[in-house]
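Asks: Predicted model and sequence follow; I will ask about them next.
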Amino acid sequence: MDTQEQIDHLIGLAVEQRNELARLEQVIPSLRLQLRSEVELAMETVEPELRADLSAFCQQTAEQQIAALRGSIPTTPEQIEAALSGKVAQARVDLAASTSERFSSAVSALDSRVAERIAAVVSGLEKTAAEKVEQYIAADRERERAALEQLQSDVAGLSQRAFAAADTLTPRGPWQAGETYKRLDIVVLGGSSYIATRETTERPGRSARDWSLLAARGGGVGGGSGSLVDLTGPGTPGQLLISTGSGFVPANLTAGPGIIITEGPGSITLESTGGGGGGSGTVTRVAVTTDANLAVTGSPVTTSGTFSLSLTNTTVTAGSYGAAGSVGTFTVDAKGRLTAAANVAVSITSGQISDGVVRSLFGKQGVLTALSYADFDTGATPAAAAVGRVRYLAAEGTLDLGLAGGNVEALLGVDNHVFGYNPSGTALSKGQAVIVNGSSGTRLSITRGLATSDANSAQTIGLVAEAISNNQSGWILTQGLLRAVNTNAFNEGDTLWLSAVTAGALTNVRPTAPNHGVRIGYCIKKAGAADGIIYVAVQNGIELEELHDVFVSSVTGNDSLFYDAVDQRWENRTPSAARTALGLGTASTRNISDGTASPTGGVNGDIYLQYT
């Protein structure tokens, strides 16, 4: 192919490409529309899956980050202490490194100054102390010398006066407490002799004001104490000198369990009263003494041997007592011994039996022993009700027991009663609904209920079974049949509720919220006060937050209930918290579009509805 042909071919290719480009320009708008439709259709299908995957990924990431943070943050006292200990140790190391050099130089300088100061002070103290000691020793020696010369002079003068007036000295022997001694009376105490300087009852001694020492025990004036009495006093009989660790004091012995202490002048006697004292010894004689009810042989035992005890015979004849037609009678003394026994024939009089029924036994009404069962006459007309009386009521099909007070009877197997105390300030009437509001110490305290609040209705216990005056006690029926009550305001079969209008009253219309729905029971028979019957079966209503898996706190308007998977319970959330939990953002308002127009001004969390 020559050059012209190549040129013509290239021109032809260029024309074809230009035509193709022109065709593509015409097709592109329709392709764009088709592609947009296909993308929008794909997004409608994929978007929910993407949102779910994104939500799961965010939840997983948040849980992993929370777990990591929980693992890194110390939560127990031991972890906190370990973390703080590490930081404190590092701070100590840093502080020691930064202050060691300054501290060492300061300590060295301080040691030098202290050493110099101590040396100077010690030197001055040694010199001063030596001078003071010499002065004290010299002064003490001078005082001793002067005192000795004065004492010798006094003794010499006293002796001269005593011998010069020998006719006036009166030896009185040992000193006696309570005696009155005159001037120049001479006594002896503790081995030393004393002369009275005036009339006195004072005890002689070196420090006594009314006595002068003539001769000390051991010979010569200036000897030590003559006796323990001079040091401690005379004490009381039985006292001992007990060391305190720093001296001796007079003290008496204290008797422990099973010990008797007898104290006297110059003696102490310890005596055991028995009972495991732990003593030991040899028993040389054992004897038994009894009254006429026991016979003893072999007593006393002095070295070895045995003795025996046996009961003495009584006048009771050995044998069996009581038979089919007789009963045994016995006499027992204060020691539990039979002193008489006899058989007495059984005798039942005609007055004890009526219509084949035993009305009394052993001469006493209402006494039965060893009763295995009792059959009640189910066809007889029941006797009048009485406190403590059990009777069969054919109309009720069960037994009836008269309760304390005489106003209430309980059907066995049907009724449950509790004795309550009324401190409310007003009397309670039969048929009123009551709640528990405390205790009197021996009984539950009760007051009328009202279905307006939890405090006035949650503790509803039953209906008043008898009139109860203020500060008195009476019976409350907690479950069963309340008979003889006016039910004309209701219809038979009505469910009865605690009234939210009148305290203690009943209604057959269930109170609506926020009042409380407390079921009291059911109207069995519609009649007046003599014949109406209510079956009591109290069921207290509950609030939402009283459910075991619901936690409600600080309720506000428009709160929602959400399940917390971590705490495993339902919790209330405020509107803003609810929007956050649903991933709708925190704005207080949201746009809602019906899809007929393109949304404008949308924010995160807006809701768009599209329908055809």
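Replies: That came through, no problem.

Asks: Please report the distance of the residue nearest to residue 543 when sequence neighbours are not counted from residue 502.
Replies: The shortest distance from residue 543 to any non-neighbouring residue, by CB to CB, 6 or more residues apart in numbering, is to residue 454 (7.0 Å). C-beta coordinates here come from the backbone N, C-alpha and C atoms, glycine included. Remark: distance between residue 454 and residue 502 (CB to CB, to the nearest Å) = 18 Å.

Asks: Would you mind telling me which of those two has the busier surroundings?
Replies: Counted by other CB atoms under 10 Å, residue 454 and residue 502 do not tie: residue 454 has more neighbours, with 14 against 11.

Asks: pLDDT score for the more buried one?
Replies: Confidence at residue 454, expressed as pLDDT, is 87.

Asks: Then residue 575?
Replies: Among the per-residue scores, residue 575 holds a pLDDT of 82.

Asks: so is residue 27 in a helix, a strand, or just coil?
Replies: helix (DSSP: H, G, I helix; E, B strand; the rest coil).

Asks: Residue 270 - that's part of a strand, no?
Replies: Yes. Counting by three-state DSSP, residue 270 is located in a strand.

Asks: what's the residue nearest to residue 543 sitting at in phi/psi?
Replies: phi -60, psi -40 (degrees, to the nearest 10).

Asks: do the one 10 residues further on as well
Replies: For residue 464, the backbone dihedrals (degrees, to the nearest 10) come out as phi -70, psi 130.

Asks: who touches it in this structure?
Replies: The contact partners of residue 464, by CB atoms under 8 Å, 6 or more residues apart in numbering, come to 428, 429, 430, 431, 432, 434, 474, 476, 477, 504.

Asks: Just the pLDDT for the residue nearest to the fifth one when sequence neighbours are not counted.
Replies: Right, residue 432. Spatial nearest neighbour of residue 432, chain neighbours left out: residue 504 (3.6 Å); criterion: CB to CB, 6+ apart. The per-residue pLDDT reported for residue 504 equals 94.

Asks: do the same with the one 5 residues further on
Replies: Taken from the predicted model, the pLDDT recorded for residue 509 is 95.

Asks: for residue 94, same thing?
Replies: Per-residue pLDDT puts residue 94 at 61.

Asks: same question, the one 3 residues further on
Replies: On pLDDT, residue 97 comes in at 57.

Asks: ok, for residue 55, nearest residue in space, not its chain neighbours?
Replies: That would be residue 583: by CB to CB, 6+ apart, it lies 7.0 Å from residue 55.

Asks: That neighbour reaches residue 59, doesn't it?
Replies: No. Checked against CB atoms under 8 Å, the pair residue 583 and residue 59 is beyond contact range at 10.4 Å.

Asks: Surely residue 529 and residue 489 touch.
Replies: No. In this structure residue 529 lies outside contact range of residue 489 using CB under 8 Å: 11.9 Å.

Asks: For residue 541, grab the count of nearby residues.
Replies: With other CB under 10 Å as criterion, residue 541 counts 20.

Asks: Next: residue 261.
Replies: Neighbours around residue 261, by other CB under 10 Å: 14.

Asks: What strands line up against the one helix or strand it maps to, and which way round?
Replies: Using DSSP states H and E, residue 261 sits in strand 259-264. Applying DSSP bridges, strand 259-264 is found paired with strand 267-272 (antiparallel).

Asks: Alpha carbons only: can I get the partner strand in CSV?
Replies: C-alpha atoms of strand 267-272 as CSV (Å, rounded to 0.1, in the frame of the first residue of the first chain):
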residue,chain,number,x,y,z
SER,A,267,-3.4,-17.5,161.1
ILE,A,268,-5.1,-18.1,157.7
THR,A,269,-7.3,-21.2,157.1
LEU,A,270,-8.2,-22.4,153.6
GLU,A,271,-11.1,-24.8,153.2
SER,A,272,-12.5,-26.4,150.1
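
Asks: What is the subsequent helix or strand relative to that strand?
Replies: Scanning forward in sequence from strand 267-272 by DSSP H and E, the next helix or strand is strand 294-297.

Asks: Need the contact partners of that following strand.
Replies: Outside strand 294-297, the residues touching it (CB under 8 Å, 6+ apart) are 288, 290, 307, 308, 309, 310, 311, 312.

Asks: which one among the residues you listed gets closest to residue 511?
Replies: residue 311 (79.5 Å; CB to CB).

Asks: about what we covered before: between the contacts of residue 464, which is closest to residue 185?
Replies: After measuring the contacts of residue 464 against residue 185 - CB to CB - the closest member comes out as residue 474, at 91.9 Å.

Asks: give the contact list for that closest one.
Replies: 405, 407, 419, 420, 422, 428, 464, 465, 466, 467, 468.

Asks: and if you look at residue 572?
Replies: Each residue near residue 572 by CB under 8 Å, 6+ apart is listed here: 551, 552, 553, 555, 559, 560, 561, 562.

Asks: Need the phi and psi values for it.
Replies: phi -80, psi 140.

Asks: so where do the helices sit in the protein?
Replies: 3-72, 77-164, 228-232, 575-581 (DSSP state H).

Asks: Could you chop the chain up by domain?
Replies: Residue ranges for the domains of the chain, per automatic domain parsing: 84-143, 166-222, 372-412, 415-542, 550-608.

Asks: which one of those domains is the most hemmed in?
Replies: domain 415-542 (a mean of 18; mean count of other CB atoms under 10 Å).

Asks: Residue 546 - how many residues pack around it?
Replies: Neighbour tally, residue 546, other CB under 10 Å: 12.

Asks: Quick check: it vs residue 570, distance?
Replies: Residue 546 is 12 Å from residue 570, by CB to CB.

Asks: now do residue 271
Replies: In terms of CB to CB, residue 271 sits 80 Å off from residue 570.

Asks: With residue 513 instead?
Replies: Taking CB to CB as the measure, residue 513 falls 19 Å from residue 570.

Asks: now residue 36
Replies: Distance, residue 36 to residue 570, by CB to CB: 45 Å.
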